[in-house]
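S.K.: Sequence and predicted model, in that order:
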Amino acid sequence: MKDSKENRANLEERVKELPETPGVYIMKNQREEIIYVGKAKNLRSRVRSYFLKSANKEIKTSHLVKKIASIETITTTTEYEALILENNLIKQWKPKYNISLKDNKTFPVIRVTNEDFPRIFKTRRIIDDGSLYFGPYPNVKSIDTYLELVKKQFKLRKCKGIPLRQRKTPCLYFHIDQCCSPCTSKADKKDYEKEVETIIKIFSGNINDLEKELEKKMQQESASLNYEKAAEHRDILFSIRTLIEEQKVQDFTTEKKDFISLLSNGINCAIVVLQMREGKISGKSVFSFTTYSDNEENMSRFLIQYYDGYFTGTENSIFPEKALVNIVPEIALLTKFFLEKFQISFQVTAPGDEKEASIMKMAEENCRLELMRIEKELTYSEALGKIKDSLGLSKIPLRIEGFDISHLDGYNTVSSMVSFYNGKPDKPEYRVFRIKTLQDREVDDYASIREVVARRYTRLKNEGLPMPDLILIDGGKGQLNAAKGILEALGIDDINIASLAKQEELLFVPEKDEPVKLEEGTLPLRILQHVRDEAHRFATTFNKNMRKKELSFSMLEEIPGIGAERSKKILMEFGSVDNIKNSDSYSLSERAQLPIKVAEAVIEYLRDNDSHH
């Protein structure tokens, strides 16, 4: 405590010696790490504000001040020079307590490859090979929306090879009418180019011209009785209009604007950017961080970091012409920054009319919801802490893995493993296991749990992968002991384990003789119930899919000339009985390498079988 008081006294003496000139101040901790960088019009006045009694009433400021071991300064001639230097130092050192936004290189872009039959996809790598790039898109959801439209409405190639490699036979996408198969020379190059041109117009924001063009084509094809082609144009037009309709706000101007709202609860800060292009909202980006500055300073720093990344390498046609903000920072410095760095006249201003004010209100509402989400995250953290204390765990269960067993009268016994992080599902980490140690019609949940726990954690141990903080088994004391016995046999003694019984929602842990009952309806119990119920859902779904697949195998094997090997090959190639039935005998013969007579028999059998239901 004495050292802390002495350090603070030394810092306050150091502040008295600072110059009253513009510059940058650099705060370091005891390990000489730079933890915060700021700019000032008057260095002495700005740095002294951190040590005033009123500042220390704010939790965020007092937390930062406690970490400061030394302060260095770099003086500049003007405040603008301080702004530039501050931005460069933050980018170089990435201090812990400064705003940290994604660098432009991590924002995804859409790439249209430079080749005869271009591929269109999302990437984070820019390759100088003549390809077209659109973006960057700070909001990944907006890029996925565009690519989903392309996938559904345009028959472009899906194969990933660059350049395009030739194949002997087309893939499944050709047979389900989602690709024109340029890899087998079936595609018409001019038609393909027209589709790519249409997509480029969508990405460029030239929606109005495209709508007129598609309407004209639809009417022409309809007049020529080419109803199928007219329907294709109609579907694309409908998809584009639906995409636009989802962005309900319009200001009926062609200006490119960003509406930026910043809200803070004193500790956390949220920023929402609504991107308006062609008079319609075309995207939303959300940022949040812990704040150690006032709102004007936060807004100024955000604008510099966000647009410094956004403008670099972006097509001129996508530049916004101005940013409308709910908190107006020092305009003169920002205007000079964008003019000198990017040679553009970029306007930062408050909303000017009722329409702009209404859109800003929407941005602020989105911002408010983001702040609520952050506070909810904190609530989840508190709930996980409550789980730790209630169950007597050795650590907070940030990563929970939950298991459940599913079967139908002993057939197709499977286990699911779901993974939750910070109280929420982490679906890419879900796993399913077919139980191998049981015979058909043998029901033994304990043996199934022992097998799946052994397989999962033997692998993690052997491969040196991170272990979860808590294993949750669906069941009671018996299921818990089955899993615990396997962990002990594997020599794994640092994972917490518990089981949750559906009856009375009782929790069992090895260290307690009596079950633990968490209060009904509280977040700690709801988190554990969610893990248990999600594991049950995932296991049941997998079990149903296995039974469905077995029925498909048995149905095919009833056909003369189709045995186990052929039925397996057909299903692997087509995916389902419906896809086989909707195919034709020539395609089935070629893709599954069947004699044409056998392929005809398969199609006939499936269609006849279907007509009887």
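M.R.: Yes, it's here. Predicted model only: the values in this text are computed from it and were never measured.

S.K.: Sketch out the low-pLDDT regions of the stretch 1-150 of the chain for me.
M.R.: Scanning the stretch 1-150 of the chain for pLDDT under 70 picks out the ranges 1-3, 53-60, 101-107, 135-143, 145.

S.K.: Please enumerate the helices of it.
M.R.: Using DSSP state H, counting those that start in this stretch, the helices assigned to the stretch 1-150 of the chain run over residues 2-16, 43-48, 53-56, 59-67, 79-93, 140-153.

S.K.: same question, the stretch 251-400 of the chain
M.R.: 295-311, 331-342, 354-391.

S.K.: For stretch 69-89, list every residue counted as buried.
M.R.: Neighbour counts over stretch 69-89 (16 or more other C-beta atoms under 10 Å) mark 71, 73-74, 76, 79-87, 89 as buried. In short, each C-beta sits where N, CA and C put it, glycine included.

S.K.: thinking again about what came up before, check the helices of the stretch 251-400 of the chain for me and report the most buried one.
M.R.: helix 295-311 (a mean of 21; mean count of other C-beta atoms under 10 Å).

S.K.: Now do that one against helix 79-93, angle only.
M.R.: 70 degrees (axes from the mean of the first three to the mean of the last three C-alpha atoms, to 10 degrees).

S.K.: low-scoring stretches of the stretch 351-500 of the chain, by residue?
M.R.: Along the stretch 351-500 of the chain, segments meeting pLDDT under 70 span 378, 408-412, 439-441, 443.

S.K.: okay, the helices of the stretch 251-400 of the chain in CSV with distance to Tyr457 next?
M.R.: Output for the helices of the stretch 251-400 of the chain, formatted as CSV (distance: least, C-beta to C-beta, whole Å):
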stretch, distance to Tyr457
helix 295-311, 42
helix 331-342, 53
helix 354-391, 20
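
S.K.: just so I know, which of those helices lies nearest Ile527?
M.R.: Among the helices of the stretch 251-400 of the chain, helix 354-391 comes nearest to Ile527, with 5.9 Å by C-beta to C-beta.

S.K.: Might you calculate how far the closest one sits from the centre of the chain?
M.R.: Distance of helix 354-391 from its chain centroid, counting by C-alpha atoms, centre = their mean, to the nearest Å, is 17 Å.

S.K.: Kindly report the same for stretch 403-422.
M.R.: Here stretch 403-422 shows a centroid-to-chain-centroid distance of 26 Å under the convention C-alpha atoms, centre = their mean.

S.K.: How about stretch 572-584?
M.R.: 33 Å.

S.K.: And the helices of the stretch 251-400 of the chain: which comes nearest Arg455?
M.R.: Arg455 lies closest, by C-beta to C-beta, to one member of the helices of the stretch 251-400 of the chain: helix 354-391, at 25.2 Å.

S.K.: Which other helices and strands does that closest one contact?
M.R.: strand 257-264, strand 268-277, strand 280-290, strand 322-325, helix 523-557 (3 or more C-beta pairs under 8 Å, 6 or more residues apart in numbering; DSSP states H and E).

S.K.: that older thread, so which of the helices of the stretch 251-400 of the chain comes closest to Glu255?
M.R.: With respect to Glu255, and counting by C-beta to C-beta, the nearest of these is helix 354-391 at 10.2 Å.

S.K.: Now for the residue nearest to Thr184 when sequence neighbours are not counted: which residues touch it?
M.R.: In space, and not counting its chain neighbours, Thr184 is closest to Pro170: 5.0 Å by C-beta to C-beta, 6 or more residues apart in numbering. Neighbouring residues of Pro170 by C-beta atoms under 8 Å, 6 or more residues apart in numbering: 179, 181, 183-184, 186.

S.K.: which of those are buried?
M.R.: Using 16+ other C-beta under 10 Å as the burial test, those include 179, 181, 183 as buried.

S.K.: so Leu147 sits right up against Phe121, yeah?
M.R.: Yes. Judged on C-beta atoms under 8 Å, Leu147 makes contact with Phe121 at a distance of 7.3 Å.

S.K.: Any idea how many residues pack against Ile606?
M.R.: Quick fix: residue 606 is Leu, not Ile. 19 (other C-beta atoms under 10 Å).

S.K.: Ok, Phe154 next?
M.R.: Residues near Phe154, counting by other C-beta under 10 Å: 20.

S.K.: Equivalent analysis for Glu442, please.
M.R.: By other C-beta under 10 Å, neighbour count at Glu442 equals 14.

S.K.: Remind me which helix or strand it belongs to.
M.R.: Using DSSP states H and E, Glu442 sits within no helix or strand.

S.K.: Would you mind measuring from it to Thr413?
M.R.: In this view, Glu442 and Thr413 are 8 Å apart by C-beta to C-beta, to the nearest Å.

S.K.: for Leu156, same thing?
M.R.: 43 Å.

S.K.: quick one, which of those two is more surrounded?
M.R.: Higher neighbour count among Leu156 and Thr413: Thr413, with 28 against 23, using other C-beta under 10 Å.

S.K.: For that one, give its distance to Lys436.
M.R.: The gap separating Thr413 from Lys436 is 9 Å, by C-beta to C-beta.

S.K.: How is the protein divided into domains?
M.R.: 2-93, 257-372, 399-546, 558-611 (automatic domain parsing).

S.K.: Pull up the distance across the second one, start to finish.
M.R.: Translated: domain 257-372. Start-to-end span of domain 257-372 (C-alpha to C-alpha, to the nearest Å) is 26 Å.

S.K.: Would you mind checking which of the buried residues of stretch 69-89 is nearest to Ala592?
M.R.: Asn87 (61.3 Å).

S.K.: In contact with the closest residue to the closest one other than its chain neighbours, which residues?
M.R.: Of all residues not flanking Asn87 in the chain, Ile304 sits nearest, at 5.2 Å (C-beta to C-beta, 6+ apart). If a contact means C-beta under 8 Å, 6+ apart, then Ile304 has 83, 87, 334, 337 as its contacts.

S.K.: Check Ile304 and give its pLDDT.
M.R.: Looking at Ile304, its pLDDT stands at 89.

S.K.: my read is Met417 is in a helix, agree?
M.R.: No. Counting by DSSP: H, G, I helix; E, B strand; the rest coil, Met417 is located in no helix; its state is strand.

S.K.: mind checking how far it is from Ile486?
M.R.: Distance from Met417 to Ile486, by C-beta to C-beta: 14 Å.

S.K.: Could you do Asn366 as well?
M.R.: 48 Å.

S.K.: Pro510 contacts Lys484, correct?
M.R.: Yes. Applying C-beta under 8 Å, one finds Pro510 in contact with Lys484, separated by 5.6 Å.

S.K.: Could you count how many residues lie near Val150?
M.R.: Count around Val150 with other C-beta under 10 Å applied: 19.

S.K.: what's near enough to touch it?
M.R.: Counting by C-beta under 8 Å, 6+ apart, Val150 has contacts 120, 156, 199.

S.K.: For Lys376, state which of these is nearest.
M.R.: Out of the contacts of Val150, the member with the shortest distance to Lys376 (by C-beta to C-beta) is Ile120, at 36.9 Å.

S.K.: before we move on, the earlier item: save the contacts of Ile304 as CSV, and put in distance to Asp494 too.
M.R.: Listed next are these as CSV, based on distance: C-beta to C-beta, whole Å:
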residue, distance to Asp494
Leu83, 50
Asn87, 45
Leu334, 52
Phe337, 52
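
S.K.: Which two among these are spaced furthest apart?
M.R.: Spatially, the most separated pair among the contacts of Ile304 is Asn87 and Leu334, at 11.1 Å (C-beta to C-beta).
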